[in-house]
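A.B. asks: here is a sequence together with a model predicted from it:
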Amino acid sequence: MNLLLLGRGKTGSLVGQVALGRHHRVRVLGGADNPDGRALTPDALHAVDIVIDFTAPTAVLANIDACLREKRNMVVGTTGWQAHVDAVRARVEKAGTGFLHGANFSIGVNLFLDAVRDAAEAARHGYSGQIFERHHQQKKDAPSGTALVLQKIVKEKSGAELEITSFREGDVVGLHELIFDSPNDRIYLCHDAKSRRGYAEGAVLGAEWLSGRKGFFEFKDIWREL
């Protein structure tokens with residue numbers, strides 16, 4: 001496939017490496033190359049099969065707008081824009097394109113989230129809970145998208161809305177912890193990313209899955225098919 005990768009950050013760079021390793025053709029645009037999505041012209045997108053966005057919350061919506069105008073399928077790994085998800089879904093459906101997004105494209109994180117869905121029942125049985133997340137200092141959004149998903153899962157399963165505590169320090173790739181505590185015991189669930197490669201591999205697999213598809217999809221719903 002011809003992939004256009006938006007973002008030259010640490011994860012975006014790995015996405016490019018993984019895609020090349022899987023024999024895709026990759027072109028990259030960094031933020032300085034594409035202010036407000038202005039580089040995403042009809043000519044620039046003409047031969048592109050799928051656009052993969054790992055940019056920033058301040059950039060992603062303009063990129064989505066430009067790609068939808070040219071009816072290009074997109075994979076979006078950027079977080080911090082989810083307040084606009086309903087409007088984007090409506091626009092994707094109107095454009096008749098394919099769109100895949102996710103708070104986290106790591107297979108391991110999605111297995112972790114499955115465990116959280118079971119553990120969330122603890123809040124119905126007298127356990128108090130907290131969510132902690134740690135990321136590198138350069139991460140723009142806080143809480144992280146994954147931490148917000150954890151919070152949402154627990155609320156849907158038990159009605160409890162847990163507090164999220166965020167830390168931004170050093171070069172931490174991504175650490176998410178869910179703790180349920182009672183007078184009798186403690187339940188501790190944790191996902192600690194060793195590198196960003198898991199996110200990158202999931203994004204490229206997602207792009208391959210999205211090829212030729214139309215519709216609005218979330219990675220948590222489709223990762224088992226990859």
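C.D. replies: That came through, no problem. Numbers count the residues shown, from 1 in each chain.
A.B. asks: let me see the domain layout of the chain.
C.D. replies: For the chain, the structural domains run 2-105+197-225, 107-192, going by automatic domain parsing.
A.B. asks: deepest of those, which one?
C.D. replies: Most buried of the domains of the chain, by mean neighbour count (mean count of other C-beta atoms under 10 Å): domain 2-105+197-225, with a mean of 18. For glycine as for every other residue, the C-beta is placed from the backbone atoms N, C-alpha and C.
A.B. asks: hmm, back to that, want to throw the domains of the chain into JSON lines with mean pLDDT?
C.D. replies: As requested, the domains of the chain are exported to JSON lines (pLDDT from 0 to 100):
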{"stretch": "domain 2-105+197-225", "mean pLDDT": "96"}
{"stretch": "domain 107-192", "mean pLDDT": "96"}
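A.B. asks: how about Leu20: what's its closest non-neighbour residue?
C.D. replies: Counting by C-beta to C-beta, 6 or more residues apart in numbering, Val26 is the residue found nearest to Leu20 once chain neighbours are left out, at 5.7 Å.
A.B. asks: can you list contacts of the helix or strand harbouring that neighbour?
C.D. replies: Element membership for Val26 (DSSP states H and E) is strand 25-29. Strand 25-29 is contacted from outside by 1-8, 12, 16, 19-20, 39-40, 48, using C-beta atoms under 8 Å, 6 or more residues apart in numbering.
A.B. asks: leaving out chain neighbours, which residue sits closest to Asn104?
C.D. replies: Thr146 (4.6 Å).
A.B. asks: for the host helix or strand of that neighbour, packing partners?
C.D. replies: Element membership for Thr146 (DSSP H and E) is helix 145-158. If you count contacts as 3 or more C-beta pairs under 8 Å, 6 or more residues apart in numbering; DSSP states H and E, helix 145-158 packs onto helix 107-119, strand 128-135, strand 163-168, strand 175-181.
A.B. asks: distance of the residue nearest to Asn104 relative to Gly21?
C.D. replies: Using C-beta to C-beta, to the nearest Å, we find Thr146 at a distance of 25 Å from Gly21.
A.B. asks: so which of the helices and strands packed on helix 145-158 comes closest to Ala66?
C.D. replies: Closest approach to Ala66 among the helices and strands packed on helix 145-158 (C-beta to C-beta): strand 128-135, 27.8 Å.
A.B. asks: who does the closest one pair up with?
C.D. replies: Sheet pairing for strand 128-135, assigned by DSSP bridges, gives strand 163-168 (parallel), strand 175-181 (antiparallel).
A.B. asks: ok now the first one, how far from the chain's centre?
C.D. replies: It stands for strand 163-168. Centre-to-centre, strand 163-168 and its host chain are 18 Å apart (C-alpha atoms, centre = their mean, to the nearest Å).
A.B. asks: which residues of the protein fall in helices?
C.D. replies: For the chain, the helices defined by DSSP state H occupy 10-21, 42-45, 57-69, 85-95, 107-119, 145-158, 197-210, 219-222.
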